[in-house]
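*Asks:* kindly generate the corresponding structure for this input.
(4 chains)
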Protein chains: 4
Amino acid sequence: MFFASDNAGAAHPQVMQRVMDANTGYAMPYGADPAMEEVRTQIREIFEAPQAAVYLVATGTAANSLALACYCQPWQTVFCSDVSHIQEDECNAPEFYSGGAKLSLVSGSDKMTPDALRARIDMENTRGVHGPQRGPVSITQVTERGSLYSLQELTALTAVATSFDLPVHLDGARFANALVQLGCSAAEMTWKAGVDVVSFGGTKNGCMGVEAVVLFDPDKSWEFELRRKRGAHLFSKHRYLSAQMAGCLDKGLWLQTAKAANKNAARLAQGLRSRGAEFLHEPQANMIFARFPRRVHERLHDAGAMYYMWECTLDGDDPDEMLAARLVCDWSIRPDQIDLFLSHFE
Amino acid sequence: MFFASDNAGAAHPQVMQRVMDANTGYAMPYGADPAMEEVRTQIREIFEAPQAAVYLVATGTAANSLALACYCQPWQTVFCSDVSHIQEDECNAPEFYSGGAKLSLVSGSDKMTPDALRARIDMENTRGVHGPQRGPVSITQVTERGSLYSLQELTALTAVATSFDLPVHLDGARFANALVQLGCSAAEMTWKAGVDVVSFGGTKNGCMGVEAVVLFDPDKSWEFELRRKRGAHLFSKHRYLSAQMAGCLDKGLWLQTAKAANKNAARLAQGLRSRGAEFLHEPQANMIFARFPRRVHERLHDAGAMYYMWECTLDGDDPDEMLAARLVCDWSIRPDQIDLFLSHFE
Amino acid sequence: MFFASDNAGAAHPQVMQRVMDANTGYAMPYGADPAMEEVRTQIREIFEAPQAAVYLVATGTAANSLALACYCQPWQTVFCSDVSHIQEDECNAPEFYSGGAKLSLVSGSDKMTPDALRARIDMENTRGVHGPQRGPVSITQVTERGSLYSLQELTALTAVATSFDLPVHLDGARFANALVQLGCSAAEMTWKAGVDVVSFGGTKNGCMGVEAVVLFDPDKSWEFELRRKRGAHLFSKHRYLSAQMAGCLDKGLWLQTAKAANKNAARLAQGLRSRGAEFLHEPQANMIFARFPRRVHERLHDAGAMYYMWECTLDGDDPDEMLAARLVCDWSIRPDQIDLFLSHFE
Amino acid sequence: MFFASDNAGAAHPQVMQRVMDANTGYAMPYGADPAMEEVRTQIREIFEAPQAAVYLVATGTAANSLALACYCQPWQTVFCSDVSHIQEDECNAPEFYSGGAKLSLVSGSDKMTPDALRARIDMENTRGVHGPQRGPVSITQVTERGSLYSLQELTALTAVATSFDLPVHLDGARFANALVQLGCSAAEMTWKAGVDVVSFGGTKNGCMGVEAVVLFDPDKSWEFELRRKRGAHLFSKHRYLSAQMAGCLDKGLWLQTAKAANKNAARLAQGLRSRGAEFLHEPQANMIFARFPRRVHERLHDAGAMYYMWECTLDGDDPDEMLAARLVCDWSIRPDQIDLFLSHFE
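*Replies:* This is a model prediction of the structure:
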């Protein structure tokens, strides 16, 4: 019963098989391996973007920081949700990679609304050189609270950015989970919706550690390559990054793993709902924030269930007090584990 | 006949097996996996340093840059060889990670001598706040020209550093190749010789992409952890880094792979010598810089041999002109490939 | 009728005389001039801090950024008001000088309360290496909205910082204006209240361009000197900075100029109040935020009064609409100018 | 007898008068003062560059660092003399302002030759993303050893830069001293010779502390303004910078002060030569490196002469040993002081 995160499960056998297959003979280093050529082609097809620049790095923070740095001057500010990963979970990596840019937070603790985004950008009116200059907007899809932006919502946000002539980054650590839920194309969820650069997650979706950065403006490619190398994120034995991503994309595996994770999360959500749990955010993808009684938490805890209490602790006296948990389903979670988890509510 | 680099070969089957074995169930992320505990213990034993802080990253540039940043203020200067990897092949990553420190180059185009190092440090006499302040000394072992520092030479260099109260970093991307050649212990080649922090290479020595950073002063550990995270080099699915390193260290594999590489390079060197090749640097480990006639290069080239011409090109008229090549043997090169290579000299 | 800012008035004749007196013969550069020795002694006496390190720079942003950088690691976050100068008016200089630290904003749009500060620090609970680490608290006295922290309020804030073991910076661009209003000693408003480092403003208080940084921990001095030089803020002909500050401190001029500014601001506030103006913030020092009818603004504008409309514009139809203005009195404003200003309300 | 530096003399009375004249009433801050308009116009005329962007800062290091940062990416390297001010005397400020660029040193210990420059640029052949990328060339005129580049020499250097498509910065801390000696126009010594951006010194030439940055490409202006503010080098009471520069330029004072300094240095050089001194570098402007016997140094020292021994100390036994001194004449040195200095050689 592991619901602590989707970054702790194993990699999918198909991914690993591809890695093993790649482990033969010599391959040109630094991204000149044949599998990278294949990955580039596949991702361009997936995104219907034949000119896009496509690169691989090993961590989501690297993908986000390098992508943003290509669109952000050190004297600018990135507009993002106050609970975004770049704000809360990257230990100032975006500031580091951008050379000291600021993050301007859009309040709301989950999805940004166009009004809130516009108000925040308006507020950063810079007064000449005095304030930080307006820089990129970064949107997280799936959000850090497990929510989804509909295509309409996404487009409304990018329209705000565009009205200020600002570029848009999409943090897609859970890109596939969003995509399969929205049932749209990758192009629709990105460049057709006004996104300039995407962090396209592989790690949480069945890989060991690989993320793609997709820049729809190929003119950014050389700068990205230099920033990646200078950030120490260019792999010599790059074939193992390529192989992971190739294995993940092959035969649509990435969509299947995402569907599996979402489906199991839906099963869990439904079970929780029918057992009286309350939701902090409406479950939409593979991450659930639910409140249920302390005594259930205690039972689950004793049974070895792994998950994070959410802004509360297990300690306390009242067995009926409702306490929140964050529950994440990765691609490999089994339905019987969901059912076992739910059985502790009885 | 692949002699282009030791960063282009496959990973060793034992390493890959360990990675496959690790690919089951859930594991705590970010270095809290059990295999990391094992790796930490093993490396502390190897280095006879029970208190050492041990961390894994995926690239050699990350290992070097993060290690140096822990020992270098932004207003300082790193003393290193003018052909060191940190100077020539990291696209200003050390400057980036240190926040803008300078690199002060010790001329010589291969090994630093104590006199040259002392003279360079003397020159950086700072005049109060005006010049850059003296910072760490970085030594590469095996050097970028395939040379080795003897323990005596190493100690003489660190003694210079110590006389100025400066810390010492060892870039050991080819640590094992040096160790097996010197026939000494890891402790003798590092902290017993006055080294404070080591980049301990795995990638070139049979792994997919993993390097350890070993800090003999455990008080540096928290700073390293923060710098690693901020640099986006902390892996969530860390088990795959741990597994590589564990597989590499297990049953002394890392020493066997290094010995194999060195032995084959020695075979190649001997063959070249007997065929009249000249050496730019005396071959000592697994990297050879040799000069031989253009016509031989042409023959090798036609036969598909892969290696870099060294500061020259194949173009030219004189078939007898002596042209230099860099030839690197990785752990997986086969003796018959050496012999095939040499056969083109006939 | 110039109320646009206190950074636009002339320097006080006594300051200028001291500068002229300094302009003779040779003086040792870089702060080794005799006047700096005098300034250091005077500031140590004023602050009752015989060990304090005292340095001069030419701009308030330099003072703030360098002071903070000495107390802030790149992976940390500075806690400050959401309308602080370091957040709104320094174009990411604090981020630049700290190497990419973050600013965590305490909402309230003027003074921070201990509860709000504590809540903000609590929120930045870092979760190990993932979030930014907690760094210094920066307090502005006089605030950017013209408010004052009482000694009790100040101590309550620093107590919060201390409870998290965080250092405290005081942005005292208008230090003297606060001091004369509170009627306390410089020591009481700083180290006795728990402040570690002060930006002590001279520019707005009758100088051409000079600010002192006072570090109560002398162990920080060498780092500050290096940061100042590396930031290009060390003056060779330092005597002209020293002379300004010496002239400003001599015979308590700095207190007189601050009193004059505050007194005139009080005269203005009283006049505004009696004429029905509303105050956005209770006037306490030399900066007033007042709302009065558009028609009065228009009359003042026509008469050549200089000041900033506050988050509104003069354009509009309703002559009775209440519009806000920011009105700042510098040391040199004349009472008759106040009266002339007020006469336009009739 | 003050020959320690040209950064230690008083400011010229005409400069100070202009500063005093500026000290009346209110003036718009941050460079919007009328005197700045005048300075901009004057400098554009002097440089015959009606479109040039012109800015003032207070230190030479600020001028150099900000100017270079506008022409240098963090992954690039600046080519400069191994004894340039940016390398030896700015405590890594260029690295700081550029975000971690490298400095690649052209050996020679004084003037760069086109061949040496070309060889150094050639050496930085980058190998794709691996090495630092080639960035701007920085030339110092007058050099740190008191030498001059002729227009022909200057053009030969910029031609090398241009052949690699690299921009050129001129560190003109002693711009005027060079100009009057060459007898050419400011345009000839800069943009007509291939220079893109100039640090135009005022401090050493009779001001308190002001340097202009002249960017011949006006498209760089906004970036420069943001970098200046973010570096904390934008003065609120900017009029005092403007006044200094205006006073310095008015009626060609800047040329007269430079001529005075050079003339006195020539008088000193001639006197030294006739007394058997040897020159490390042929004296060409206002800075002399001369070797003469220890006993003369001792006599001068006892008489209170101020200057730096050059890479040697006064301690020693042999009264006839030739020891080197650096002797700098500023604009205010009096001929009788030269003669008094020389009298100690008898």
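
*Asks:* pull the contacting residues for the residue lying closest to A:Ser221 once chain neighbours are set aside.
*Replies:* Using C-beta to C-beta, 6 or more residues apart in numbering or on different chains and skipping residues adjacent in sequence, the residue nearest A:Ser221 is A:Ala53, 3.7 Å away. All C-beta spots, glycine's among them, are computed from the backbone N, C-alpha and C. Counting by C-beta atoms under 8 Å, 6 or more residues apart in numbering or on different chains, A:Ala53 makes contact with A:Val214, A:Leu215, A:Asp217, A:Pro218, A:Lys220, A:Ser221, A:Phe224.

*Asks:* what of A:Thr140?
*Replies:* A:Cys80, A:Ser81, A:Ser84, A:His85, A:Leu170, A:Asp171, A:Ala173.

*Asks:* how about A:Gln337?
*Replies:* A:Gln337 touches A:Met1, A:Phe2, counting by C-beta under 8 Å, 6+ apart.

*Asks:* check which helix or strand it maps to.
*Replies:* Here A:Gln337 sits within helix A:335-343, counting by DSSP states H and E.

*Asks:* please determine how far A:Ala159 is located from chain C.
*Replies:* 25 Å (C-beta to the nearest C-beta, to the nearest Å).

*Asks:* okay, now that residue: neighbour count?
*Replies:* Counted with other C-beta atoms under 10 Å in any protein chain shown, residues neighbouring A:Ala159 total 15.

*Asks:* got phi/psi on it?
*Replies:* phi -60, psi -40 (degrees, to the nearest 10).

*Asks:* for the helix holding A:Gln337, buried residues please.
*Replies:* A:Gln337, A:Ile338, A:Phe341, A:Leu342 (16 or more other C-beta atoms under 10 Å in any protein chain shown).

*Asks:* which one of those residues sits closest to chain B?
*Replies:* A:Gln337 (10.5 Å; C-beta to the nearest C-beta).

*Asks:* could you check how far that closest one is from A:Ser343?
*Replies:* Separation of A:Gln337 from A:Ser343 (C-beta to C-beta, to the nearest Å) stands at 11 Å.

*Asks:* what of A:Ala52?
*Replies:* A:Ala52 is 47 Å from A:Ser343, by C-beta to C-beta.

*Asks:* and what of A:Val54?
*Replies:* 45 Å.

*Asks:* show me what contacts A:Tyr307?
*Replies:* A:Phe3, A:Ala4, A:Leu300, A:Ala325, A:Arg326, A:Leu327, A:Val328.

*Asks:* give the contact list for the nearest residue to A:Ala116 once chain neighbours are set aside.
*Replies:* Nearest non-adjacent residue to A:Ala116, counting by C-beta to C-beta, 6+ apart: A:Val106, 5.0 Å away. Shown in contact with A:Val106 (C-beta under 8 Å, 6+ apart): A:Phe79, A:Cys80, A:Ser81, A:Asp82, A:Met112, A:Ala116, A:Leu117, A:Arg120.

*Asks:* I'd like those residues as TSV, with secondary structure, pLDDT and distance to D:Gly135 appended.
*Replies:* Listed next are the contacts of A:Val106 as TSV, based on DSSP: H, G, I helix; E, B strand; the rest coil; pLDDT from 0 to 100; distance: C-beta to C-beta, whole Å:
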residue	secondary structure	pLDDT	distance to D:Gly135
A:Phe79	strand	98	31
A:Cys80	strand	98	32
A:Ser81	strand	98	37
A:Asp82	coil	97	38
A:Met112	coil	98	38
A:Ala116	helix	98	41
A:Leu117	helix	98	37
A:Arg120	helix	97	36
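
*Asks:* list of residues touching whichever helix or strand A:Phe289 is part of?
*Replies:* Per DSSP H and E: A:Phe289 is located in strand A:287-293. For strand A:287-293, contacts defined as C-beta under 8 Å, 6+ apart pick out A:6, A:142, A:145-146, A:174, A:265, A:268-269, A:272, A:275-281, A:283, A:310, A:319-329, A:345.
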